[in-house]
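>>> Here is the input, now give the coordinates:
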Amino acid sequence: MLRSMTGYGRAENAINEKVVLVELRSLNGKQFELLLKLPVQLKPYEFEIRNMLSEQLVRGSIECTIIIKQNGATRPTSVNLDLAASYYNQIKGLAEKLEADDSQLLASILRMPEVVSTSTETISDEEWGAFKSTITEALAMINKHRADEGLALENELLSRITNIENLQQTVISLEPLRKQKIRENILKLLEEQVGKDNVDKNRFEQELIYYIEKIDLTEEQVRLSNHCVYFRTLLAEQEISKGRKLSFLLQEIGREINTTGSKAYDSEIQKSVVEMKDELEKAKEQILNVL
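Prediction:
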């Protein structure tokens, strides 16, 4: 079971006279990176909110926005009378000096910075419990989205591994013919250089066995098969975060494919190796999104 790092979750609930909106967005990332946007009322709970998000989302570039809106027409506000009076006296004096119209003076002052402000009331423990439930609801939604995306990723990765295994079978089937072709080519070259009657057959067979052992592909194919089987096993495990393990395993698969190509000395096998590399690169692109 895979889970993608890409997802979206949203939850909104009315709590007393307030409406809380939680919105979560997640993209792939090497570590857990969080951009958290909180209203002033929730600042005392920032550490707890960060822990909730870290435990549930584990890894990725996360953007979390929490908005608290007043439910209804009334909104607690306060007017800074001293500041308003100071603005009034200065602007009134400026208007008189410039002989400017001051009929809209009061409306202008009320729009000045910090003259009218929304009350920064704190929230009760009961409200925090309700807010926390809303965050949990948004987390459940984004994790469901991640799981759905993960299923598509799993099918894609299984397809790539199956293609690599099928191409490997082609390589294995070509291996006996490859050895025979190598033997014939070396013997032909030797006969051209020293003459057919001067070739020491026993010495030739001994040297040929030594050479073919050096370019034998059996070990690479056994390891490649084992890596592919282990890849499938990891995919089936219930562990949530396994993207790094799968990425490391793809590197090992790539190592065996590269070694097979460097030792092949056969055009048909090289074609299969190139196709395996193509499948591997596609798998690596997908694994970047796995949690």
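>>> so who does Leu2 touch?
With contacts defined as CB atoms under 8 Å, 6 or more residues apart in numbering, the neighbours of Leu2 are Gly150, Leu151, Leu153, Glu154, Leu157, Leu235, Lys242, Val290, Leu291. Quick note: C-beta positions are derived from backbone N, CA and C, even for glycine.
>>> Please enumerate residues in contact with the strand or helix carrying Arg244?
Counting by DSSP states H and E, the element that carries Arg244 is helix 243-264. Applying CB under 8 Å, 6+ apart, the external contacts of helix 243-264 come out as 5, 59, 157, 164, 171, 178, 215-217, 220-221, 223-224, 227-228, 230-231, 234-235, 269-270, 273-274, 276-277, 280, 283-284, 287-288, 290-291.
>>> And stretch 267-283, by the same measure?
Here stretch 267-283 has contacts from 156-157, 160-161, 163-164, 167-168, 170-171, 174-175, 178, 250, 253-254, 257-258, 260-261, 264, using CB under 8 Å, 6+ apart.
>>> List only those of these flagged as buried.
Among these, those classed as buried by 16 or more other CB atoms under 10 Å are 156-157, 160-161, 163-164, 167-168, 171, 174-175, 178, 250, 253-254, 257, 260-261, 264.
>>> returning to what we had before: need the next SSE after the helix holding Arg244, C-terminal direction.
Proceeding N to C from helix 243-264, the next assigned helix or strand is helix 267-287, under DSSP H and E.
>>> Please compute how far that following helix lies from its chain's middle.
In this view, helix 267-287 has its centroid 22 Å away from the chain centroid, taken as CA atoms, centre = their mean, to the nearest Å.
>>> helices or strands next to the longest helix along the chain in the packing?
With secondary structure taken from DSSP state H, the chain has its longest helix at helix 125-194. Secondary-structure packing of helix 125-194 (3 or more CB pairs under 8 Å, 6 or more residues apart in numbering; DSSP states H and E): strand 7-15, strand 18-27, helix 46-57, helix 201-214, helix 218-236, helix 243-264, helix 267-287.
>>> so where is the stretch 1-150 of the chain shaky, pLDDT-wise?
Under the criterion of pLDDT under 70, the regions of the stretch 1-150 of the chain flagged as low confidence span 71-78, 114, 116-121.
>>> returning to that earlier point: could you check the angle helix 218-236 makes with the helix holding Arg244?
Following axes from the mean of the first three to the mean of the last three CA atoms, to 10 degrees, one obtains 160 degrees for the angle between helix 243-264 and helix 218-236.
>>> Now do stretch 1-19: distance from first to last residue.
36 Å (CA to CA, to the nearest Å).
>>> can you pull the buried residues of it?
Going by neighbour count (16+ other CB under 10 Å), the buried part of stretch 1-19 is Leu2, Arg3, Ser4, Met5, Thr6, Gly7, Gly9, Ala11, Ile15, Lys18, Val19.
>>> so what's the second one up against?
By that I understand Arg3. Here Arg3 is in contact with Asn143, Arg146, Ala147, Glu149, Gly150, Ile240, Ser241, Val290, Leu291 (CB under 8 Å, 6+ apart).
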